[in-house]
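Trainee: dropping a prediction and its sequence here:
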Amino acid sequence: MAFFRTVFSIAGLMNFALAQDAAEVARLIAASQAGSPRLLFQVEGSSIPSIQPSSFSHPEETTTRGGIPNALKKLEAGEAVTLAYLGGSITRADGYRPLSAKWIQERYPKAKVRGVNAGVSGTPTDLGALRVGEQVLAFKPDLVFVEFAVNGGTVEAMEGIVRQIWKRDPSIDIVFVYTIIEAWWKGYAEGVLPKSVVDYDRVAAHYGIPSIHMAREVSELCKSGAVVFKGTEASAAGRIVFSTDGVHPYDRAGARFYAAAIARGFQKLAGVGKPGPHGLAKPLTEDPWEDATMLPPEKAVLSAGWKKVDPSSVPLLAAYKGWFEQIYTAEAPGERIAFRFRGKGFGLFDVGAPEVGQLRITVDGREEKPLNRFGVNCNNRSRGQYAFLPLPDGEHQVILAIDPEIPDKKAILGPNQQADIGAHPEKYDRRAIYLGRILLRGTLLD
């Protein structure tokens, strides 16, 4: 039986990884941000700076396909419009997301624009498909930007995101936006795209979804020498620095390139398509994740030792109030969670920290390898994370129990992360679990 997927898929990172070590890129992405932002953010009247897109032009920067006619109709009519951004850490950060939302608000000043920040650092399309219902569709968006080129994931999950959105409301418009890492810009400048982008654009083409290659301009400027993709201001000799780590745009200066691409894309999309419901084509893949969802832990059966806590009341967990209104926690060995479901897999969306332990997993009476919830990003910090176990389609009985054995945390942290665990071993010598959501592909049974 295939075991749990890791918190981060580096499938997308392996393409063109010639100039940068893929494992280092994965580490930077996975460790980039702890805590959760508020899902809703305001655009009108905010301190978000304005952008002025350059005159850069590339015939393949934006592919219009079916357009975004429903959202544009509401914007032009001065109605209330909700923009949702679903993706990884590049979306989560205060970069292209608020800058592009502000530009849209300024272009349509009579409209009242609000935003949804559904960016989760270090996570791929798989978790995106599992959380799109709660973190995006619950806010009734008019337009959803989907960003997963760097974080990777499966094409099936990307297709599942689309199908879930249009099954809920076929009037919602969707745009795929593609980001890059340092190792990709030369390929972009030569017209060679990363595999993740090629794969996701197949989904966009199949469903008539517009796509915007947000890195076209910055790649061309890197090629000409006007922009340094990765560096510092001190070493850039007066040139623009796009990123200090080769992944995340530097402050808002780098992010402006991404936001400007969206602005140019909007101008190109004007007048494309006719308002109305989007038709749901036959699936492109054999197993799209349109059955993916996540549920609060109380939907399962919990043993008496589990406690429901308000994250804002616990300093360690307060940063996760944006995702989890309640977190369930237990620490005693043997404390259990049990549930039955019909479907193709299950998992956890939880919080890692110095004190977390591991879970014994029993599926249909068969005990699996323990699931460790402590990782390298839990060194003296908390960390949002997830794990998912694919299963054969059918009915399944799942039991999760806190393992008496504590993972070898010193070995996990490695030689350069020993200071805090050496100074405060009692903080790490624990078995706590902080569960925010149960993940499912399928339907929970009584």
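Mentor: Arrived safely. None of the values given here were measured: they were computed from a predicted structure.
Trainee: going forward, measure contacts and count neighbours with C-alpha atoms only.
Mentor: Will do.
Trainee: for the protein, name the helix or strand with the lowest mean pLDDT.
Mentor: helix 22-30 (a mean of 59; mean pLDDT, DSSP states H and E).
Trainee: beyond it, next helix or strand please.
Mentor: Helices and strands here follow DSSP states H and E; after helix 22-30, the next one along the chain is strand 40-42.
Trainee: and the strands in the stretch 301-446 of the chain?
Mentor: Under the criterion DSSP state E, counting those that start in this stretch, strands of the stretch 301-446 of the chain are mapped to 301-302, 307-309, 327-330, 336-352, 358-363, 366-367, 371-372, 383-402, 433-445.
Trainee: who touches the helix or strand encompassing residue 100?
Mentor: Using DSSP H and E, residue 100 falls within helix 96-107. Here helix 96-107 makes contact (C-alpha atoms under 8 Å, 6 or more residues apart in numbering) with 43-44, 48-51, 83, 85, 90-91, 111-115, 117, 252, 255-260, 262-263.
Trainee: what's the offset of that helix from the middle of its chain?
Mentor: Centroid separation for helix 96-107 versus its chain: 20 Å, with C-alpha atoms, centre = their mean, to the nearest Å.
Trainee: equivalent analysis for stretch 250-270, please.
Mentor: 19 Å.
Trainee: buried residues of it, list them for me.
Mentor: Of all the residues in stretch 250-270, those buried under the rule 16 or more other C-alpha atoms under 10 Å are 250-252, 254-266, 269.
Trainee: repeat for stretch 41-50
Mentor: Burial within stretch 41-50, assessed by neighbour count using 16+ other C-alpha under 10 Å, is assigned to 41, 42, 43, 44, 48, 50.
Trainee: helices of the protein, start to end?
Mentor: Assigned by DSSP state H, the helices in the chain fall at 22-30, 69-76, 89-92, 96-107, 125-135, 155-168, 185-189, 195-207, 216-224, 251-269, 409-413, 419-423, 425-428.
Trainee: list the contacts of the second one.
Mentor: So the one you mean is helix 69-76. Helix 69-76 is touched from outside by 80-81, 108, 110-111, 142-143, 171-173, 270-276, with contacts defined as C-alpha under 8 Å, 6+ apart.
Trainee: which non-adjacent residue is nearest residue 34?
Mentor: Nearest non-adjacent residue to residue 34, counting by C-alpha to C-alpha, 6 or more residues apart in numbering: residue 383, 5.2 Å away.
Trainee: to clarify, my last question referred to residue 187.
Mentor: When the adjacent residues along the chain are set aside, residue 187 lies closest to residue 193, with 6.3 Å between them (C-alpha to C-alpha, 6+ apart).
Trainee: what's the answer for residue 231, then?
Mentor: Spatial nearest neighbour of residue 231, chain neighbours left out: residue 244 (5.0 Å); criterion: C-alpha to C-alpha, 6+ apart.
Trainee: look up phi and psi at that neighbour.
Mentor: Dihedral pair for residue 244: phi -90, psi -20, per degrees, to the nearest 10.
Trainee: how many residues are close by the residue nearest to residue 349 when sequence neighbours are not counted?
Mentor: Once flanking residues are discounted, residue 349 sits nearest to residue 386: 4.4 Å by C-alpha to C-alpha, 6+ apart. A count of nearby residues for residue 386, using other C-alpha atoms under 10 Å, gives 25.
Trainee: pretty sure residue 386 sits against residue 348.
Mentor: Yes: counting by C-alpha atoms under 8 Å, residue 348 is a contact partner of residue 386 at 5.4 Å.
Trainee: any idea how far residue 209 is from residue 273?
Mentor: Here the criterion is C-alpha to C-alpha, to the nearest Å. By it, residue 209 lies 11 Å from residue 273.
Trainee: which neighbours do these two share?
Mentor: Shared contacts of residue 209 and residue 273, counting by C-alpha under 8 Å, 6+ apart, come down to 66, 67.
Trainee: roughly how far apart are residue 148 and residue 90?
Mentor: To residue 90, residue 148 is 9 Å away according to C-alpha to C-alpha.
Trainee: which of the two has more neighbours?
Mentor: residue 148 (30 against 27).
Trainee: which non-adjacent residue is nearest that one?
Mentor: Leaving aside its chain neighbours, residue 148 sits nearest to residue 87 (5.5 Å; criterion: C-alpha to C-alpha, 6+ apart).
Trainee: could you measure from that neighbour over to residue 352?
Mentor: Residue 87 sits 20 Å away from residue 352, going by C-alpha to C-alpha.
Trainee: repeat for residue 140
Mentor: Going from residue 140 to residue 352 by C-alpha to C-alpha gives 30 Å.
Trainee: same deal with residue 123?
Mentor: Relative to residue 352, and taking C-alpha to C-alpha, residue 123 is found at 14 Å.
Trainee: cool, thanks, talk later.
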